[in-house]
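Trainee: with the sequence up front, the predicted model follows.
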Amino acid sequence: MHTPIKYLIFKIMAILLLFLWSSCSKKVLPQYNSISEINATIINNRTNNREFIPKAIYNPLYVRVNFIFLLDENGKGNFNGNSEENNEIFKQIFKKSNELYANLKNPKDPICYKGNDFISDTKIQLQFKKMYVKDSFARNYLNAKGYSEKKKNVGLLSPSNRWYLKYLDDNIHDTITKKGINIYNTINAKALDDLLQNNSETGYLNTMKNSLSQFPSYTDFNRSSQINYPNKYLKRLWMENIYAKKRKVSWEKFVKGYFISHYMGLSHELGHSFGLGHGNEYHQRNKCFKAMMSQSGKSPRNYIQPSEVGKMHKALMTSNLIQFVTEDSNFDTPRIISKNENWDFKTLRFYQSIIVKQNTVLILNGTVIFPPNASIILEKNAVLILNNATLKTAGRKPFTNIIKKKHARIIRY
Ligand SMILES: [Zn+2]
């Protein structure tokens, strides 16, 4: 008689326990019926640049730069790759630009920056590729309609949707598979003729000396990024044939080095391509003498504020610049998400794996690109919410490498 009652009590208790356990586990795993229910920090274009500062242990990102020499129909009238000496000069210029990006110097100048979190490495390296394009019209920027060296109306020589090299840039940007920042070595052909035929420097001295860069686009992710980089060939010939001779100084020993030092100007122009201006939240334009973005010709141009490096990396993640970073670029150190975050971008490229810590929610939106061998690790009870999100690898394949620990979930909206 006793046994069935005992058995019944035991059975009821077991059901009760099971019920209690299941209701408890429901508390641990909230349902998140909509994103508005989730208390998460939104990361978007207005987020402080500091969030994007690279860590010292990161591997650098490699950004492709197409260094384009525009030649006349005979393959002349600019650097054309035939001179060993000139090839060596550009090797030096490219090398020094990369050294600058990896070896910033602390100016210890409170006008520049008051924080003490100086970083010496931008974690950006430039992968220069020389290209030679025969196009007499493009080579000579005097062909830009309305431009005159007298007026110096440089707006007409500034890369845009309307400038005179738009047709060529469309052609290069649309056809090339490994897209890069396009630097156009243009020239004042009249001043070059004057120098070559009459050994006259008058034309050169009156030419435009400014280079002109485009800021990144945060809306058109397919847009190219261009730099008009004028008159370097002219400058090089002028320096050896006129300047060095007039001043009786050795081209080989001194003047060549001076020419090579325009790597600082090149690094500055690329700084604009990465979103930097001449001033920032810490100082007005040109107030920080040693800054890479200073316009002073005497500046060593070897400093960038940590937050400005963050700005560059934010641009590399969230603007048209994502096209120019090599596919296998990878910090090789995961980003740790330890508080709920909502990365709210239409297009976003990560350069690292992601670890979402226990009980933490990560929300991704739009197109999100990862390095080919990266992963997302969801720790115990972590939640990945894909809100109309498409995950891809930089090689354009679907990204599927998501590792779920106990009770971790992926929710799709
Ligand atoms: Zn500038």
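Mentor: Thanks, I have it. Note that the structure is predicted; figures quoted are calculated from it, not measured.
Trainee: list the contacts of residue 206.
Mentor: Counting by CB atoms under 8 Å, 6 or more residues apart in numbering, residue 206 makes contact with 149, 191. In this view, the C-beta of every residue, glycine as well, is placed from N, C-alpha and C.
Trainee: residue 195 versus that one, what's the distance?
Mentor: Relative to residue 195, residue 206 is positioned 12 Å away (criterion: CB to CB, to the nearest Å).
Trainee: same deal with residue 45?
Mentor: According to CB to CB, residue 45 stands 46 Å off from residue 195.
Trainee: between those two, which is the more surrounded one?
Mentor: A count of neighbours by other CB atoms under 10 Å puts residue 195 above the other of residue 45 and residue 195, at 21 against 11.
Trainee: the more buried one and residue 243 touch, don't they?
Mentor: No - assessed by CB atoms under 8 Å, residue 195 is found out of contact with residue 243, at 11.4 Å.
Trainee: overlap of the contact sets of residue 206 and residue 195?
Mentor: Counting by CB under 8 Å, 6+ apart, no residue touches both residue 206 and residue 195.
Trainee: nearest the geometric middle of the chain, what residue?
Mentor: In the chain, the centroid-proximal residue (CA atoms, centre = their mean) is residue 316; its distance is 3.7 Å.
Trainee: state the helix or strand in which that residue lies.
Mentor: Using DSSP states H and E, the element containing residue 316 is helix 306-318.
Trainee: I'd like the average pLDDT over that helix.
Mentor: Mean pLDDT, computed over helix 306-318, is 98.
Trainee: tell me the helix or strand right after it.
Mentor: Note on helix 306-318: by DSSP H and E, the next helix or strand toward the C-terminus is strand 335-337.
Trainee: and the helix or strand following that next one, which strands flank it?
Mentor: Counting by DSSP H and E, the element after strand 335-337 in chain order, helix or strand, is strand 341-343. With DSSP bridges as the test, strand 341-343 is paired with strand 41-43 (parallel), strand 361-370 (parallel).
Trainee: hey, which of those is tucked in deepest?
Mentor: Neighbour counts (mean count of other CB atoms under 10 Å) averaged over each of the strands paired with strand 341-343 peak at strand 361-370, with a mean of 21.
Trainee: show the contacting residues for the closest residue to residue 352 other than its chain neighbours.
Mentor: For residue 352, ignoring the flanking residues on the chain, the nearest one in space by CB to CB, 6 or more residues apart in numbering is residue 331 at 4.2 Å. The contact partners of residue 331, by CB under 8 Å, 6+ apart, come to 54-55, 58-59, 61, 123, 351-352.
Trainee: try residue 244
Mentor: With contact taken as CB under 8 Å, 6+ apart, residue 244 is in contact with 250-251, 254-255.
Trainee: also residue 106?
Mentor: Neighbours of residue 106 in contact, by CB under 8 Å, 6+ apart: 118, 120, 303.
Trainee: out of these, which are buried?
Mentor: Neighbour counting over these (16 or more other CB atoms under 10 Å) leaves residue 303 as the buried ones.
Trainee: closest one of the contacts of residue 106 to residue 69?
Mentor: Closest to residue 69 out of the contacts of residue 106 is residue 303 (30.4 Å), distances taken as CB to CB.
Trainee: show me what that closest one is bridged to.
Mentor: Beta-bridge partners for residue 303, by DSSP bridges, are residue 291.
Trainee: how does the chain divide into domains?
Mentor: As assigned by automatic domain parsing, the chain contains the domains 27-45+330-412, 60-323.
Trainee: just send these back as CSV, with distance to residue 11 too.
Mentor: Listed next are the domains of the chain as CSV, based on distance: least, CB to CB, whole Å:
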stretch, distance to residue 11
domain 27-45+330-412, 25
domain 60-323, 58
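Trainee: right, and residue 262 touches residue 232 too?
Mentor: Yes - judged on CB under 8 Å, residue 262 makes contact with residue 232 at a distance of 7.0 Å.
Trainee: name the nearest of the contacts of residue 106 relative to residue 165.
Mentor: Nearest to residue 165 out of these is residue 303 (CB to CB; 32.1 Å).
Trainee: verify the stated contact: residue 359 with residue 381.
Mentor: Yes - between residue 359 and residue 381 there is a contact under CB under 8 Å: 4.7 Å.
Trainee: neighbour count: those two, which is higher?
Mentor: With neighbours defined as other CB under 10 Å, residue 359 and residue 381 compare such that residue 381 has more, 19 against 16.
Trainee: just the element for that one, please.
Mentor: Applying DSSP H and E as the criterion places residue 381 outside every helix and strand.
Trainee: quick check on it: phi, psi?
Mentor: Dihedral angles of residue 381 (phi, psi; degrees, to the nearest 10) stand at phi 70, psi 10.
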